[in-house]
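**Student:** Kindly generate the corresponding structure for this input.
(chains A, B, C and D)
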There are 2 protein chains.
Amino acid sequence: MSGRAERTRERLLTAALELFAERGYDATTAGEIAARAGVTEMTFFRHFPSKASLLVDDPYDPLIGAAIRRQPSGLDPISRAARGVRSAWRELPSPAVAEVRVRLRIVAGTPTLRASMASGTAATEAVIAEALTSGGTGRRDAIIAAAAVMAALNTALLDWSLSDSEDLGQAIDAALDVLEDRHV
Amino acid sequence: MSGRAERTRERLLTAALELFAERGYDATTAGEIAARAGVTEMTFFRHFPSKASLLVDDPYDPLIGAAIRRQPSGLDPISRAARGVRSAWRELPSPAVAEVRVRLRIVAGTPTLRASMASGTAATEAVIAEALTSGGTGRRDAIIAAAAVMAALNTALLDWSLSDSEDLGQAIDAALDVLEDRHV
DNA sequence: TCTCTCAATGTTAGTGACTAACATTTGAAC
DNA sequence: GTTCAAATGTTAGTCACTAACATTGAGAGA
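**Tutor:** Residues are numbered from 1 along each chain as shown, chains lettered A, B, ... in the order given. The predicted structure follows:
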């Protein structure tokens, strides 16, 4: 359980964030990141499956799944998913929120990364859909509700990351209200 | 206005669809497509900005935008967008529907293409959001509603492309009902 | 302290999607 | 038939990512 790999991973990550801040994501090559971390390009790809994965990865899938399962089963799938997502994000400690913001700002400003983000949420969608079906929703409706809620959430997150005044909870609530509270 | 370029484009497209059917999308290179079309790889990229663009492109954005603008402005954004999308797809002639199905089947079975599809809908989302704001919806809510509706639509389209029994209108209606008619 | 061993890294070589700069051909108007 | 521009070819490159094999390093036991 040597911490060597872990330290290398850390160095790669900070080197990448530095370089992204200096020249931007697209103008930074995987080789340059590796070089700054004192390592080979190969080693980079052994720690990260792709360049995009440095910025887009959701470590919070289990949180969201559990939170959705906690919602009353009488609700429609959109509401269950939306409320679960709301409560899951509220549990996040603020340093984690700050870190998410740093990454999302880069993502928001890089079209290629926005694409990666959309595709990277497939796993989260599956988790949401699974949580919904375990609550009695049909599989088809569950998948659709999951996709819609994730799309709304991602849009809200990107928007929030760029506007520095607002807090995260508000942004998520506003986005999911568009799906949930639709009268007028 | 020579039709030469147009013919080359056609040849590239049919060559690509043949090769995708034979060996699959990932196992087909841009060079092979070009070769079968009797052309250079360079020429391929002059006609298509990417390999994925052979399959994922929405020529129906204007249709959708217009259909949304036609919806009564008293409705909430989700309903306006959803009903617009419903009516736009109904206008599509059946040969076009059949062609869409062929392409979507390939997309559905290729993870990399599913990702491209998600990102390729950014333009359509913008069109929907624009149509919504022109109907009085705030820009932020419009973007979120557009993202949610497109996510639901894409999910429905991919699912439909694989299930050969159902017709397209039903699939879209079922998907958008999850967003619109949420009581139980 | 020495060795042994396996994980972590390095090396080399390649594929494939794109891009840029410049040369060549083709088609159609005149 | 000449001309001019669009369409294509040529060449050369970048960069993300992968595979196969060699090498190093750090910790466990003798």
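
**Student:** alpha carbons only for contacts and neighbour counts from here, please
**Tutor:** OK.

**Student:** Got the confidence number for A:Val39?
**Tutor:** You'll see A:Val39 listed with a pLDDT of 97.

**Student:** How about A:Arg182?
**Tutor:** Note on A:Arg182: pLDDT of 81.

**Student:** Could I get the phi/psi values of the closest residue in space to it that isn't next to it in sequence?
**Tutor:** Nearest non-adjacent residue to A:Arg182, counting by CA to CA, 6 or more residues apart in numbering or on different chains: B:Asp76, 5.9 Å away. B:Asp76 adopts backbone torsions of phi -70, psi 160, taken as degrees, to the nearest 10.

**Student:** What distance do you get for B:Asp76 to DNA strand C?
**Tutor:** Using CA to the nearest atom of the strand, to the nearest Å, we find B:Asp76 at a distance of 38 Å from DNA strand C.

**Student:** quick one: pLDDT of that residue?
**Tutor:** With respect to pLDDT, B:Asp76 scores 95.

**Student:** swap in A:Asp57?
**Tutor:** 87.

**Student:** what's the spacing between it and chain B?
**Tutor:** Going from A:Asp57 to chain B by CA to the nearest CA, to the nearest Å gives 15 Å.

**Student:** For that residue, give me its contacts.
**Tutor:** A:Gly120 (CA atoms under 8 Å, 6 or more residues apart in numbering or on different chains).

**Student:** same check, this time on the one 5 residues further on
**Tutor:** A:Pro62 makes contacts with A:Val127, as judged by CA under 8 Å, 6+ apart.

**Student:** That one sits in which helix or strand?
**Tutor:** Assigned by DSSP states H and E, A:Pro62 belongs to helix A:61-69.

**Student:** tell me which helix or strand of chain A sits lowest on mean pLDDT?
**Tutor:** Taking mean pLDDT, DSSP states H and E as the measure, the helix or strand of chain A with the lowest value is helix A:111-120, at a mean of 89.

**Student:** Please list the outside residues in contact with it.
**Tutor:** Residues from elsewhere that reach helix A:111-120 (CA under 8 Å, 6+ apart): A:Ala52, A:Val56, A:Asp57, A:Val107, A:Ala108, A:Ala151, A:Asn154, B:Arg114, B:Ala115, B:Ser116, B:Ala118, B:Ser119.

**Student:** Which member of the residues you listed is positioned nearest A:Arg4?
**Tutor:** A:Arg4 has its nearest neighbour among the contacts of helix A:111-120 in A:Asp57, at 22.1 Å by CA to CA.

**Student:** Distance of the residue nearest in space to the middle of chain A relative to DNA strand D?
**Tutor:** With distances taken as CA atoms, centre = their mean, A:Asp58 lies nearest the centre of chain A, 4.2 Å away. For A:Asp58, the distance to DNA strand D equals 17 Å [CA to the nearest atom of the strand].

**Student:** what's the distance between stretch A:103-113 and the middle of its chain?
**Tutor:** 12 Å (CA atoms, centre = their mean, to the nearest Å).

**Student:** Need the CA coordinates for it. PDB is fine.
**Tutor:** Extracted in PDB, the C-alpha atoms of stretch A:103-113 (Å, rounded to 0.1, in the frame of the first residue of the first chain):
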ATOM      1  CA  ARG A 103     -12.700  22.500 -11.800                       C
ATOM      2  CA  LEU A 104     -16.100  23.500 -13.100                       C
ATOM      3  CA  ARG A 105     -14.800  26.900 -14.100                       C
ATOM      4  CA  ILE A 106     -12.300  25.400 -16.400                       C
ATOM      5  CA  VAL A 107     -14.900  23.000 -17.700                       C
ATOM      6  CA  ALA A 108     -17.400  25.800 -18.300                       C
ATOM      7  CA  GLY A 109     -14.800  27.700 -20.400                       C
ATOM      8  CA  THR A 110     -13.700  24.800 -22.500                       C
ATOM      9  CA  PRO A 111     -16.200  23.400 -25.100                       C
ATOM     10  CA  THR A 112     -14.500  20.100 -25.400                       C
ATOM     11  CA  LEU A 113     -14.700  19.600 -21.700                       C
END
